[in-house]
Each structure stands twice: as C-alpha cells, then as structure tokens.
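Chemist: model the structure of this input:
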Amino acid sequence: MKNPQKEARITAIVAYLTIVGALIAITMNSEPKYAFARFHCRQAFGLHLGFLGFALFLSVWFNQYAWYGLYVCYFALWLYGFLSAINNKMNPVPVLGEYFQKWFTFIS
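Modeler: The predicted structure is shown next:
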C-alpha cells in the first residue's frame, strides 16, 4: 500500500536537489498530485531559477564579494526550504517564497 504523505515528502526533497531535481520533481508530482510536493516544487524551482539568473548577471558584472553574497543567500534559503521539506512543513522561504507561489502557478 502506498503512503501518499511519504511520496509527497520524497518529491519535495528531490525538488531541492539542483534545477534538474526540481524538473524531475515536477514530473513526479504530475499524477497523483500532492499539494505539499507542489508547494516545495515551486519554492525550489524559484530558488534555483533565481540563483541562475543572478549568477548570469554576475558573470557579466564581476565582483568577488557579490558572488560570496549570492552563494550565502542561496545556501541559506535552500537550507531553509530543504529542512522545511524534510520536516513536513510548508514554510515559504523568507522574502521570495510567497512570490514563488504566485509566479509559478504553471507548476500544478
């Protein structure tokens, strides 16, 4: 017998493992659909996409301290989301989490 809560949790954890993991988790949650997994897919996808966007920007405008700041912020937000997924909580990441839920409604 399948445990839906466990499946949703595994999907949510996979979403935080790189941008590829987020894409895999989105497809894992296609059927059956779990609200918990969808929430974390949106959070992780937003984090990874934001990191890549800022990294592309910084690759043109190089500043060593800006890179440090990017990595520290990304890792702190990633860790917050990842631990939230592990602990079965639906806590949005600080600052951007609510926006990720609004922006990425195509993730269902």
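Chemist: mind listing what's buried in the helix ranked longest in the chain?
Modeler: Criterion DSSP state H: the longest helix present in the chain is helix 35-60. If you call a residue buried by 16 or more other C-beta atoms under 10 Å, then helix 35-60 has these buried ones: 36-48, 50-51, 54. All C-beta spots, glycine's among them, are computed from the backbone N, C-alpha and C.
Chemist: distance-wise, check the spatially most central residue of the chain relative to residue 66.
Modeler: For the chain, the residue nearest the mean C-alpha position is residue 44 (0.6 Å; C-alpha atoms, centre = their mean). From residue 44 across to residue 66, the span is 23 Å (C-beta to C-beta, to the nearest Å).
Chemist: got a pLDDT number for the residue lying closest to residue 101 once chain neighbours are set aside?
Modeler: Spatial nearest neighbour of residue 101, excluding adjacent residues (C-beta to C-beta, 6 or more residues apart in numbering): residue 42 at 5.6 Å. pLDDT recorded at residue 42 is 93.
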